[in-house]
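Novice: Structural data only, the sequence is not supplied:
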Ligand SMILES: C[S@@+](CC[C@H](N)C(=O)[O-])C[C@H]1O[C@@H](n2cnc3c(N)ncnc32)[C@H](O)[C@@H]1O
């Protein structure tokens, strides 16, 4: 495990954190009363929040399976969250036993539970790097210890970038992370939007912001720019319920998350 933290290593249980609120939506056990209270406030404005979290998780699952089936063996997952089964390496190694996965998150509670992320199968490898997506150099340094940068790598930023406001140049960060990856690498992305229900989503964002969590939803056109220079795999950038939908596990529909997978050519 690499503690490449850039100063945020203290577990603060007095204010809500996105990873722990997300754990609450997913019916996990790794959150504090303050997280549950903020998450309940969000659910009062957006009762489908739990379904949205599940739909997001299933997108990660579908995208990783698809890439592993196409021979991708290396994954750099930033904004991993508190371990939730199946974790990314379990999905990838279920298809490619030798798959290598580097997990990254800036929340100390994820570090605390990282053991579950390090349960790699014997043929593969997993590593955890505690770092902030706004420090791509730290992340890339940690990733180079485990991943072969001459072979394709899937960069997954799932439900992460809506926690990075424009003042931190999220597009520049994505470019810095993709630039060193060879062709045949991929970007797996999901991102919250207010396109479907601006009023409800604005109230949801206010809960996060009032609790000191920076958050910025983006329109379809804005999310599309994260894929600039990449070739979008079928079916393109879609709302999560429309991206390779699986009849048996589709949410109620209208989940306000754009998702897509782009390929570096
Ligand atoms: C909504 S959760 C998504 C978890 C997982 N990717 C998934 O989709 O199931 C967002 C995660 O991003 C992490 N995060 C938020 N801002 C971050 C940052 N600046 N750097 C690294 N991780 C961050 C949070 O700690 C949290 O674990």
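Specialist: That came through fine. Note that the structure is predicted; figures quoted are calculated from it, not measured.

Novice: pLDDT value on residue 250, please?
Specialist: pLDDT recorded at residue 250 is 52.

Novice: I'd like to know how many residues surround residue 178.
Specialist: By other CB atoms under 10 Å, the residues close to residue 178 number 19. (Glycine included, C-beta is placed from N, CA and C.)

Novice: who's in contact with it?
Specialist: Taking CB atoms under 8 Å, 6 or more residues apart in numbering, we find residue 178 in contact with 155, 185, 187, 230, 264.

Novice: how far away is it from residue 155?
Specialist: Per CB to CB, to the nearest Å, residue 178 is found 6 Å from residue 155.

Novice: which neighbours do the two share?
Specialist: Common neighbours of residue 178 and residue 155 (CB under 8 Å, 6+ apart) are 185, 187.

Novice: which bits of the protein sit near the ligand?
Specialist: 18-19, 22, 56-57, 60, 78-81, 105-107, 110, 132-134, 158-160, 163-164 (CB under 6 Å from any ligand atom).

Novice: Apply the buried test to those residues and list what passes.
Specialist: 18-19, 22, 56-57, 60, 78-81, 105-107, 110, 132-133, 158-160, 163-164 (16 or more other CB atoms under 10 Å).

Novice: Specify the local secondary structure of the nearest residue to residue 192 once chain neighbours are set aside.
Specialist: Distance criterion CB to CB, 6 or more residues apart in numbering; nearest residue to residue 192, sequence neighbours excluded, is residue 162 at 4.3 Å. What DSSP: H, G, I helix; E, B strand; the rest coil gives for residue 162 is helix.

Novice: Residue 162 touches residue 218, doesn't it?
Specialist: Yes - between residue 162 and residue 218 there is a contact under CB atoms under 8 Å: 7.0 Å.

Novice: what sits in contact with each of the two?
Specialist: Contact criterion CB under 8 Å, 6+ apart; residues shared by residue 162 and residue 218: 191-192.

Novice: Quick check: bridge partners of the most centrally placed residue in the chain?
Specialist: The structure's the chain has its C-alpha centroid closest to residue 158; by CA atoms, centre = their mean the separation is 2.4 Å. Here residue 158 sits in beta bridges with residue 190, as judged by DSSP bridges.

Novice: tell me the contacts of it?
Specialist: Contacts of residue 158 by CB under 8 Å, 6+ apart are 56, 59-60, 77, 79, 188-190.

Novice: now swap in residue 180 and tell me
Specialist: So residue 180 contacts 140, 149 (CB under 8 Å, 6+ apart).

Novice: Which of the three states applies to residue 127?
Specialist: Looking at residue 127 with three-state DSSP, the answer is strand.

Novice: Could you report the distance from it to the ligand?
Specialist: According to CB to the nearest ligand atom, to the nearest Å, residue 127 and the ligand sit 15 Å apart.

Novice: I'd guessed that residue sits against residue 118; true?
Specialist: Yes - at 7.4 Å, residue 127 counts as touching residue 118 under the criterion of CB under 8 Å.

Novice: Neighbour count for these two, which is higher?
Specialist: residue 127 (21 against 15).

Novice: what is the more buried one paired to in the beta sheet?
Specialist: Residues in beta-bridge contact with residue 127 (DSSP bridges): residue 102.

Novice: change the start of the numbering to 16 and stick with it
Specialist: Renumbered: residue one is now 16, and that last one reads residue 142.

Novice: Could you tell me how many residues sit around residue 107?
Specialist: For residue 107, the tally of surrounding residues (other CB under 10 Å) stands at 28.

Novice: in a helix, that's where residue 260 is, yeah?
Specialist: No - counting by three-state DSSP, residue 260 is not found in a helix; it is coil.
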